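> structural data only, the sequence is not supplied:
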């Protein structure tokens with residue numbers, strides 16, 4: 001019986017740690033999918049928007065993605081549903097503002113890719129597919145390069 005309680009306790013702790021809800025004010029926009037949040041207790045958190053990937057700096061539409069994110073959430077109160085931390089210490093989170101999900105809004109605007117390496121969310125994929133079909137945002141370019149491919153090609157060039 002003790003083993004059952006120990007396992008139940010462990011499962012509860014894991015779910016608390018990996019599905020945390022945080023509220024705060026957005027105080028800086030790094031790029032289209034990364035920003036800084038100041039919590040109510042004055043903790044500064046670096047946030048990476050979950051399950052999408054916006055163009056990198058120097059890629060087409062990078063500035064538009066950053067501006068979209070800034071217009072949507074900068075200096076506003078938002079709610080995060082933190083999924084996990086990444087290797088850079090950023091909180092990977094769904095970001096909610098004005099009854100909207102930032103991941104979804106960036107995809108609708110054609111300013112992000114659904115990050116299928118980390119997500120199998122059909123809603124997000126459908127939003128990307130619709131933006132592609134309607135040639136919204138970055139999808140006006142037939143040869144748009146996904147950020148993960150762009151980063152990979154830059155690494156290979158640096159190694160040569």
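That came in fine, so what should we check first? Just so we're clear, the structure is a prediction, and the values are computed from it rather than from any experiment.
> surely residue 39 meets residue 26?
No - counting by CB atoms under 8 Å, residue 39 stays clear of residue 26, with 11.1 Å between them. The C-beta positions use only the backbone N, C-alpha and C, and glycine is treated the same way.
> give me the neighbour count for residue 153.
A count of nearby residues for residue 153, using other CB atoms under 10 Å, gives 11.
> check contacts around it.
Taking CB atoms under 8 Å, 6 or more residues apart in numbering as the contact definition, residue 153 lies against residue 145.
> element containing it?
Remark: residue 153 resides in helix 147-159, with elements defined by DSSP states H and E.
> buried residues in that helix?
By neighbour count with 16 or more other CB atoms under 10 Å, helix 147-159 contains the buried residues 147, 150.
> on that earlier part again, higher neighbour count, residue 39 and residue 26?
When residue 39 is set against residue 26 and neighbours are counted by other CB under 10 Å, the residue ahead is residue 26, at 21 against 13.
> okay, now the nearest residue to that one once chain neighbours are set aside: neighbour count?
Nearest in space to residue 26, with sequence neighbours left out and distances taken as CB to CB, 6 or more residues apart in numbering, is residue 73 at 4.6 Å. By the criterion of other CB under 10 Å, residue 73 has 24 neighbours.
> let me know the pLDDT of residue 73.
Residue-level confidence at residue 73 comes out at 98, pLDDT.
> next one: residue 18
With respect to pLDDT, residue 18 scores 54.
> could you do residue 12 as well?
Among the per-residue scores, residue 12 shows a pLDDT of 42.
> list of residues touching the helix or strand hosting residue 103?
Using DSSP H and E, residue 103 maps to helix 102-108. Residues from elsewhere that reach helix 102-108 (CB under 8 Å, 6+ apart): 32-33, 49-52, 54, 65, 68-69, 72-73, 78, 94-96, 112, 114, 123-124, 127-128, 130-131, 136.
> buried ones among those residues?
Buried positions within those, assessed by neighbour count (16+ other CB under 10 Å), are 32-33, 49-52, 54, 65, 68-69, 72-73, 78, 94-96, 112, 114, 124, 127-128, 131, 136.
> tell me where the chain is predicted with low confidence.
Of all residues in the chain, those with pLDDT under 70 make up the ranges 1-19, 156-158, 160.
> which stretches of the chain form helices?
If you assign secondary structure with DSSP state H, the helices in the chain sit at 2-18, 62-73, 102-108, 122-133, 147-159.
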